[in-house]
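S.K.: Sequence first, predicted model second:
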Amino acid sequence: MKRSKNKVIAVEIDQILARTLDAFLGWHNELYDTQWTLASLKSRDLSKAFHTKSEGCAKLRDFYDSKHFCHIQPIDNGQATWGALEVLQTLKKRKWKLVIITCRPQFTSVTTQRFIDRHFPGIFDAIYYCNQGLSVADQLDFVPKPVSIMCQEIGADYLIDDALEHCMDCSSLDMTLLLYDHDGEYAYNHMVPKKRPRNGRPTLTATSRQLYQQSPSGSLPENVARVKSWKAILDLFPMPSSPLRHCHYPSKTSLRKRRHSSMRAARALARDDNDPSNHDDDRDCPWTDRDPIAV
């Protein structure tokens, strides 16, 4: 994967770093006596999981105010070595700029920041809220913004997201999209809900959805890659080459041999200095028998 100039990697929180959908389903099943599971979701947009959008927005607002949202757990990749935290720390050390682009509304910023500070301290430089899934009343205070527009505004070069629609929207941009499908469990990002554009006007979302549905077997664009683990994400960002890669680093054995050789040479030189036969005798000097030069 080609290294970008700006080196900005944008990461979504929900279902990438946090088990938000699991918490929402647990909250909804407990409160409304339903049996929803992650496999039953047809869309990543929870506001579309209900009969009307207004009902979905109202339930999302109630969920954001619940204890379930405040106690969301991080995603456990089942890998002690290369989980989300370890991979992000590695990318941070390699001088990548890491930011968060989330669909969450901005009024969840306190809870969101607390989660990041607790589980991913010192990793992200900024958090950008797209304010999606808001009711008409909430949109008076918070302006919704598509993920694709947010990526353009901050100059993101890579986006790690679990929503297929977001990746398809951004596929027309000059960036690389990593569609996160945790262990292949996210059935909702294998399909795009069919929906007509409002008033028949084509939009970026409608166009990308149409291209995906018309493509053979729903194949992804060239700049969209499906990944199933954080280790797979790390493999797409190889370690940068070092300017010292052509330097020779002697082994301990060669250093020991070199040290012993130097010690032997020093002892031989000391023996030569102590041997009288190796010193010049004054009697052998050609000028010792001559008369001193008169001045």
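M.R.: Thanks, I have it.
S.K.: the bottom helix or strand of the chain by mean pLDDT?
M.R.: Lowest on mean pLDDT, DSSP states H and E among the helices and strands of the chain sits helix 204-214, with a mean of 51.
S.K.: residues of stretch 34-41 that come out buried?
M.R.: 38, 41 (16 or more other C-beta atoms under 10 Å). Where you see a C-beta, it was placed from the backbone N, CA and C, and this is true even at glycine.
S.K.: Just the CA trace of that stretch, in PDB.
M.R.: Below are the C-alpha coordinates for stretch 34-41, written out as PDB (Å, rounded to 0.1, in the frame of the first residue of the first chain):
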ATOM      1  CA  THR A  34     -37.300  -8.400  21.400                       C
ATOM      2  CA  GLN A  35     -34.800 -11.000  20.200                       C
ATOM      3  CA  TRP A  36     -32.700  -9.000  17.900                       C
ATOM      4  CA  THR A  37     -29.200 -10.200  17.100                       C
ATOM      5  CA  LEU A  38     -26.200  -8.800  15.200                       C
ATOM      6  CA  ALA A  39     -26.900 -11.200  12.300                       C
ATOM      7  CA  SER A  40     -30.500  -9.900  11.900                       C
ATOM      8  CA  LEU A  41     -29.400  -6.400  11.200                       C
END
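S.K.: For the stretch 151-295 of the chain, give me the ranges with low pLDDT.
M.R.: 192-218, 241-255, 272-295 (pLDDT under 70).
S.K.: Which stretches in it count as strands?
M.R.: Secondary structure of the stretch 151-295 of the chain by DSSP state E, counting those that start in this stretch: the strands cover 158-161, 176-180, 224-227.
S.K.: List of residues touching the longest one?
M.R.: By C-beta atoms under 8 Å, 6 or more residues apart in numbering, the residues outside strand 176-180 that reach it are 1, 12, 15-16, 157-162, 164, 166-167, 170-171, 186, 189, 220, 223-228, 233, 236.
S.K.: related to what we said a few turns ago, ranking the strands of the stretch 151-295 of the chain by burial, who's on top?
M.R.: Comparing the strands of the stretch 151-295 of the chain by mean neighbour count (mean count of other C-beta atoms under 10 Å), strand 158-161 ranks first with a mean of 25.
S.K.: Which positions in stretch 88-106 come out as buried?
M.R.: 88, 91-92, 96-106.
S.K.: do stretch 228-236 as well
M.R.: 228, 229, 230, 232, 233, 234.
S.K.: Tell me which residues touch the fifth one, please.
M.R.: Read it as residue 233. Applying C-beta under 8 Å, 6+ apart, the residues contacting residue 233 are 87, 160, 178, 180, 227.
S.K.: Apply 7 Å and report the result again.
M.R.: 87, 160, 178, 227 (C-beta atoms under 7 Å, 6 or more residues apart in numbering).
S.K.: Kindly report the same for the last one.
M.R.: Listed by C-beta under 7 Å, 6+ apart, the contact partners of residue 234 are 82, 87, 90.
S.K.: Spell out the residue ranges of the helices in the protein.
M.R.: Here the chain has its helices, by DSSP state H, at 20-32, 53-64, 67-70, 84-93, 109-119, 147-154, 164-170, 204-214, 230-235, 252-274.
S.K.: so can I have a markdown table of those showing distance to residue 126?
M.R.: Shown next, in a markdown table, are the helices of the chain (distance: least, C-beta to C-beta, whole Å):
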| stretch | distance to residue 126 |
| --- | --- |
| helix 20-32 | 20 |
| helix 53-64 | 21 |
| helix 67-70 | 22 |
| helix 84-93 | 14 |
| helix 109-119 | 11 |
| helix 147-154 | 8 |
| helix 164-170 | 18 |
| helix 204-214 | 24 |
| helix 230-235 | 20 |
| helix 252-274 | 46 |
